[in-house]
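Participant: How does the following fold in three dimensions:
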Amino acid sequence: MSAITSPAFRRLVRSLKRHKKTLTVVEQCCGGLIQTSIMAQPGASSVFVGGSVPYNTKKGKGLLLNDDDLHRALLSPSLSLEGGEANHFDKSTEDGYIQSKFDWTSKVAKTFCQSLETDYAIGEGGAAGPTFNPKDMDKGFAVLSVAGRTNGDNGNSASVHLLDQKLIRSPNNDREGNMRLFADAAAELLTEVIETDHGTVENEIFTESDATDGDNKTDNSSSSIDNKDVILDRSTTLRTNEIALNEMKAVAKYVVVKKNEMLFRSPTELAFISYEGLKMKYESSATTNTFLGRLSDEEQTPLFSIDVVDEEAEFKEFSFVNDATDSDYYYANVRTNAPLLNTLENEIALHTMAYANWQRSSQFCTSCGSPLTLVQGGTAQQCTCENCRKMFWPRQDPSMIASISSRCGNKILLARSSRHPPKMHTVLAGFVEAGETLEKAVARETWEEVGIRIDEDSVSYVGSQPWPFPQSSMVAFAAKADATQPLNIDANELVEARWFDREEVLRATRVEGPVMEHDIARKALEDDPALPLLIPPKRVIARSLIDNWLQESPTSVTQ
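Facilitator: Numbers count the residues shown, from 1 in each chain. As a prediction, the model looks like this:
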């Protein structure tokens, strides 16, 4: 299922809030996705007044302000235009149908903007698929129109004009995918219009506290990192340059961690706080500070993490703008919520937790017992004893994680431990012992935990993932086994384990969210009591193994 919102709408709502502009939307083939994507953003109520989805054209007059002209334009191939003229579009052809949408979306955007007295309006119309009328069409399209208020001549009151139009063509007839494509394009088009109108640069990854309200309060928060081309450069050569690190702090962005939680802005984005915001919140709290690296954006934005060691410290005394409040920011468990982040923010979250866990657990020299002090931007520790001065760096313990499937490929072995919610099953995993190969660890752990022998020549490498809970490096494999072998479950490790078929696992993939949390899992099972199992969310290596198995073609080999 398509995501309810997207980075394009985060940028749009931020831009509307920053400039205190309002919006209404009328959409046809997007079916309300544009409006839902807006409403899913924090603070959307301050900028979005509502809209309409006139999907049933014959009965849609009431959804079009009871405007005869708008309704007639939606129904008839002969569209009445401004000035009393008429333009005839042959809607039985693809070109004629598309041209009619240019006319209708323009008209509806201007009319709704005027009637609802908003600053902007989006009109959207088209066809998403999979079937089309006219019949010669085989790919989706949408026409987007943006109307807005502009100042009149000689100081007259503002009037509504068409500001921009755009035709979006899809390469396919995938209805759900096209709705997401068209909705995101609408958000991007309006954001471009707003930037042009107001001279903002909303496509930057971070803003340097550039938004103020009437009371000149600084917005110390930032957007999520939604540019797919941006990566985290760990900038290891800067770690020993204390002068450079100190200079970067004032222009850096910070992620905040406390215990096993990090500060989130929404279920799908971390909170990135400015230096000024941190000064207001954490200047009196016991904290540790770690240099994470720099983003590969134009500004080479430095990133630091703040570990709030003082467990009583609260996220408060912070000045917000754009109708944001403290309730828009909250701590969430990294282990269960990081998989919901985009790829880069997930990397940042795991990177941060790895250093925080290591710094907390490694505080004394293993040679002489003296206290350690953080050096190199928090990425290393050094013994404080003058006669020792030994250096220490974070460590990762190698662990195997493996999907075990039947020889025919139709079944996968999944298990549940006591720490997991009811029906939460995942693949097998365990630590690699000293002097043991990773492949041998797969065979040993499978035998110890469920009592079956794998086909050792079937073990193949899939990928890896850091898992700082507390300090593992998960190395993933796929292997096969004879599914007729009786299971002998180690009760000290597992509550249950069994073979699941593809239909059962596919059904579980439809459940989204941090289902490793007991409350979320319980709600999913209440919504669908017949669910045979739950599986880990995307962006964890266990789920990647399961998804890879689902994509494989079964063989004719039995068991």
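
Participant: What distance do you get for the residue lying farthest from the centre of the chain to residue 370?
Facilitator: Residue farthest from the centre of the chain, counting by C-alpha atoms, centre = their mean, is residue 387 at 49.1 Å. Distance, residue 387 to residue 370, by C-beta to C-beta, to the nearest Å: 9 Å. Any C-beta I mention is one placed from the backbone N, CA and C, and that applies to glycine too.

Participant: re earlier: any idea how far the residue farthest from the centre of the chain lies from residue 367?
Facilitator: Residue 387 is 10 Å from residue 367, by C-beta to C-beta.

Participant: hang on, the earlier thing: who's in contact with the nearest residue to the residue farthest from the centre of the chain once chain neighbours are set aside?
Facilitator: Spatial nearest neighbour of residue 387, excluding adjacent residues (C-beta to C-beta, 6 or more residues apart in numbering): residue 368 at 7.5 Å. Neighbouring residues of residue 368 by C-beta atoms under 8 Å, 6 or more residues apart in numbering: 383, 385, 387-388, 390.

Participant: Before we move on, what's the pLDDT of residue 368?
Facilitator: Residue 368 is assigned a predicted lDDT (pLDDT) of 95.

Participant: what's the helix or strand for it?
Facilitator: Using DSSP states H and E, residue 368 sits within no helix or strand.

Participant: circling back to that earlier point, pretty sure the residue farthest from the centre of the chain belongs to a helix, no?
Facilitator: No - read with DSSP: H, G, I helix; E, B strand; the rest coil, residue 387 is coil and lies in no helix.

Participant: Show the pLDDT at it.
Facilitator: Predicted confidence (pLDDT) at residue 387: the value is 95.

Participant: Residue numbering should commence at 57 henceforth.
Facilitator: With 57 as the first residue, the last one maps to residue 443.

Participant: Got phi/psi on it?
Facilitator: phi -90, psi 0 (degrees, to the nearest 10).

Participant: again, but for the one 4 residues further on
Facilitator: Here the main-chain torsion angles of residue 447 (degrees, to the nearest 10) amount to phi -100, psi 150.

Participant: Residue 435 is in contact with that one, correct?
Facilitator: No - when contacts are counted by C-beta atoms under 8 Å, residue 447 is not listed as touching residue 435 (11.0 Å).

Participant: more crowded one of these two?
Facilitator: Counted by other C-beta atoms under 10 Å, residue 447 and residue 435 do not tie: residue 435 has more neighbours, with 20 against 12.

Participant: and residue 365, how far is that from residue 315?
Facilitator: For residue 365, the distance to residue 315 - C-beta to C-beta - is 9 Å.

Participant: What of residue 360?
Facilitator: Where residue 315 is concerned, residue 360 sits at a distance of 19 Å (C-beta to C-beta).

Participant: neighbour count winner among those two?
Facilitator: More crowded of residue 360 and residue 315, by other C-beta under 10 Å: residue 360, with 22 against 14.

Participant: Report the residue spans of the stretch 107-256 of the chain with pLDDT below the cut-off.
Facilitator: Scanning the stretch 107-256 of the chain for pLDDT under 70 picks out the ranges 112-114, 116, 129-148, 207-214, 254-256.

Participant: tell me the strands in it, going along the chain?
Facilitator: Along the stretch 107-256 of the chain, the segments classed as strands by DSSP state E, counting those that start in this stretch run 134-136, 142-144, 176-183, 197-206, 215-225.

Participant: Mean neighbour count, these: which tops it?
Facilitator: strand 176-183 (a mean of 27; mean count of other C-beta atoms under 10 Å).

Participant: From the contact counts, what lies against that strand?
Facilitator: strand 79-83, helix 150-171, strand 197-206, helix 231-254 (3 or more C-beta pairs under 8 Å, 6 or more residues apart in numbering; DSSP states H and E).

Participant: what's the last one packed up against?
Facilitator: Right, the one you point to is helix 231-254. Packing contacts for helix 231-254, counted by 3+ C-beta pairs under 8 Å, 6+ apart, involve helix 63-74, strand 79-83, helix 89-95, strand 176-183, strand 197-206, strand 215-225.

Participant: ok, 6 Å please
Facilitator: Helix 231-254 sits against helix 63-74, helix 89-95, strand 176-183, strand 197-206, strand 215-225, with contacts defined as 3 or more C-beta pairs under 6 Å, 6 or more residues apart in numbering; DSSP states H and E.

Participant: Quick check: beta-bridge partners of residue 223?
Facilitator: Counting by DSSP bridges, residue 223 forms beta bridges with residue 199.

Participant: how much space between residue 165 and residue 181?
Facilitator: 10 Å.

Participant: which residues in the stretch 407-556 of the chain form strands?
Facilitator: 428-431, 436-439, 447-448, 453-462, 467-472, 484-487, 516-523, 528-537, 552-557.
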